[in-house]
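Asks: okay, sequence plus prediction incoming.
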Amino acid sequence: MQKVRESTATLIALLRDYKKHLTKLVSNSLWLLSSDILGKGSRLITIIVLAATLSPSLYGSAMLALVCHDILRLLLRSGSGNQVINCSDEQLPVIAKNALSLQWIICITLFFMQLLFAQMMASFFEQNVIAKMLTVMAISYLLLPVVSIRVFILQRNNQMAHVGICSGVCLLIENLSIAVLVYKSGDVMAIAYGKLIYSVAWAVIFSFVESKSYGFGFNLSVIKSLVFASTKMMFAESAKGIQQHVDIFMAAKLLSPESFGLYSFAKSAGIGITQSINCAFTNALYPQLCSFNRQNNLQQRSRSIYWLTLLLASLFVVQAAAAFIYMPLFFSEQWLLAIPITSVLCCSACTTIFLDVKCCMFRALYFYKAESCSRVAILLCYVLAIVIIQPDSAMGLALSMLILSTINLFVFIPFKRLYNLPKIEIKRIQ
């Protein structure tokens, strides 16, 4: 009888613990999602203004420039932020100091890389406006390191309310500034100026958020350790970013300017919402997974995490059906052909969240090789399949993405169980 009581007490304590962490995860996800909703809501105004002002071909050129900028920005995600969030409490002061140095090195390098990349992309796609936009947006890299470590500390401490509110305000400022500038000037360069305004707002707003500061430091051995781990994550982040935008690059070469503009519009007007939910959930989940890993109980919580992921994926199917309702209400007739394309792309996004959650768990456990291999394998499948299929219409490309994502769900996502994977040990920083 005593054993039964002890088992019951243990079970109740376990359920309470699960409830506490689940409540925290949902709360953090909602804060970040509310930030994205604010951003997407204001972005809807921007898209309406862009759709009324720009032609489909010019809209496609603008989206192509933004994709190029976003891919280079992925190198920031493979920097020191993940290590600040995931390291032990004892290592945090020394890692935070040197991570700031590494952030400045990466951002200055990215500034010059994008200046060179701008001319290459403009020449390849034969569109000079791409070079002008990328040159202006490159300046934003020089503002990001000012508060980057402060943001990482907030994420590590699961203070997602601060992150969500500040990020949402920055997105609101960006989108409304783009809408106003485009409406006043009718110039596609307004989009690039909006990105620059966002970076200024980001640096200013987060500088007022209370967070512990660890100062600036440069220890060569620590920097080497940070670069070693960052390099491993860079492959995964690069493959992830290219995978998210590979259809845009392929569409720019395979489709006519009008079809490309239609496909770009369908993706930005529809799948952006699913990406917001995905991003909010995984960004809230990763610090929680790191905390579980420091407590050595991440493996036991994986099943409940996947059930929650399945629930979120079902929302994407709901959005696919809702596209036929909300898009005709907000957009003119020239964009109505994008509605079925948007619906198909929303369905294809259902598998993405499973892959992202799996990779979050790999990263929290330092399984960098497993994460990189999965990302690269799926990217290669997308590229090879699109090259072989050679879709000649926007709907054909969307259907190709749906078929490929479905195949990936059953082939790549069921990896070996986490406890059977070899862990990559990262050298402890003294």
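Replies: That came through fine. Numbers count the residues shown, from 1 in each chain.

Asks: surely Cys170 touches Ile205?
Replies: Yes: contact criterion CB atoms under 8 Å: Cys170 and Ile205 qualify, at 6.2 Å. C-beta: built from backbone N, CA, C; applies to glycine.

Asks: of these two, which one has the most company?
Replies: Higher neighbour count among Cys170 and Ile205: Cys170, with 23 against 16, using other CB atoms under 10 Å.

Asks: and the closest residue to Ile271 other than its chain neighbours, what helix or strand is that in?
Replies: Counting by CB to CB, 6 or more residues apart in numbering, Ile271 lies nearest to Leu345, which is 4.6 Å off, once chain neighbours are set aside. Leu345 is part of helix 339-348, with elements assigned from DSSP states H and E.

Asks: tell me the first helix or strand C-terminal of that helix.
Replies: helix 350-364.

Asks: and the gap between Arg43 and Ala385?
Replies: 30 Å (CB to CB, to the nearest Å).

Asks: look at these two and report which has more neighbours.
Replies: Arg43 (24 against 14).

Asks: give me the distance between the more buried one and Leu181.
Replies: 14 Å.

Asks: kindly report the same for Val49.
Replies: Distance from Val49 to Leu181, by CB to CB: 9 Å.

Asks: what does Met137 give?
Replies: Noted for Met137: a distance of 14 Å to Leu181, by CB to CB.

Asks: who's more crowded, those two?
Replies: Met137 (26 against 20).

Asks: isn't Pro145 right up against Thr109?
Replies: No: counting by CB under 8 Å, Pro145 sits too far from Thr109 to count as a contact (11.6 Å).

Asks: who's more crowded, these two?
Replies: Remark: of Pro145 and Thr109, Pro145 carries more neighbours, 21 against 12, as counted by other CB under 10 Å.

Asks: list the contacts of that one.
Replies: Taking CB atoms under 8 Å, 6 or more residues apart in numbering as the criterion, Pro145 is in contact with Leu100, Gln103, Trp104, Cys107.

Asks: how about the residues you listed in CSV, adding pLDDT?
Replies: Formatted as CSV, the contacts of Pro145 follow (pLDDT from 0 to 100):
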residue, pLDDT
Leu100, 87
Gln103, 87
Trp104, 88
Cys107, 88
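
Asks: which of these are buried?
Replies: Leu100, Gln103, Cys107 (16 or more other CB atoms under 10 Å).

Asks: alpha carbons only: can I get stretch 374-387 in PDB?
Replies: Extracted in PDB, the C-alpha atoms of stretch 374-387 (Å, rounded to 0.1, in the frame of the first residue of the first chain):
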ATOM      1  CA  SER A 374      18.800  15.900 -42.600                       C
ATOM      2  CA  ARG A 375      18.700  19.500 -43.800                       C
ATOM      3  CA  VAL A 376      21.200  18.900 -46.700                       C
ATOM      4  CA  ALA A 377      19.500  15.700 -47.800                       C
ATOM      5  CA  ILE A 378      16.000  17.300 -48.000                       C
ATOM      6  CA  LEU A 379      17.500  20.400 -49.800                       C
ATOM      7  CA  LEU A 380      19.100  18.200 -52.400                       C
ATOM      8  CA  CYS A 381      15.900  16.300 -52.900                       C
ATOM      9  CA  TYR A 382      14.000  19.600 -53.500                       C
ATOM     10  CA  VAL A 383      16.600  20.900 -56.000                       C
ATOM     11  CA  LEU A 384      17.000  17.700 -58.000                       C
ATOM     12  CA  ALA A 385      13.200  17.000 -58.100                       C
ATOM     13  CA  ILE A 386      12.400  20.500 -59.400                       C
ATOM     14  CA  VAL A 387      15.200  20.300 -62.000                       C
END
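
Asks: could you list the buried residues of that stretch?
Replies: Quick answer for stretch 374-387 (16+ other CB under 10 Å): Ser374, Arg375, Val376, Ile378, Leu379, Cys381, Tyr382, Val383, Ile386.

Asks: how far off centre is that stretch?
Replies: 19 Å (CA atoms, centre = their mean, to the nearest Å).

Asks: use 8 as the first number from now on
Replies: Will do, 8 is the new start, and the previous item becomes stretch 381-394.

Asks: just give the number of residues close to Glu97.
Replies: 11.

Asks: thanks a lot, catch you later.
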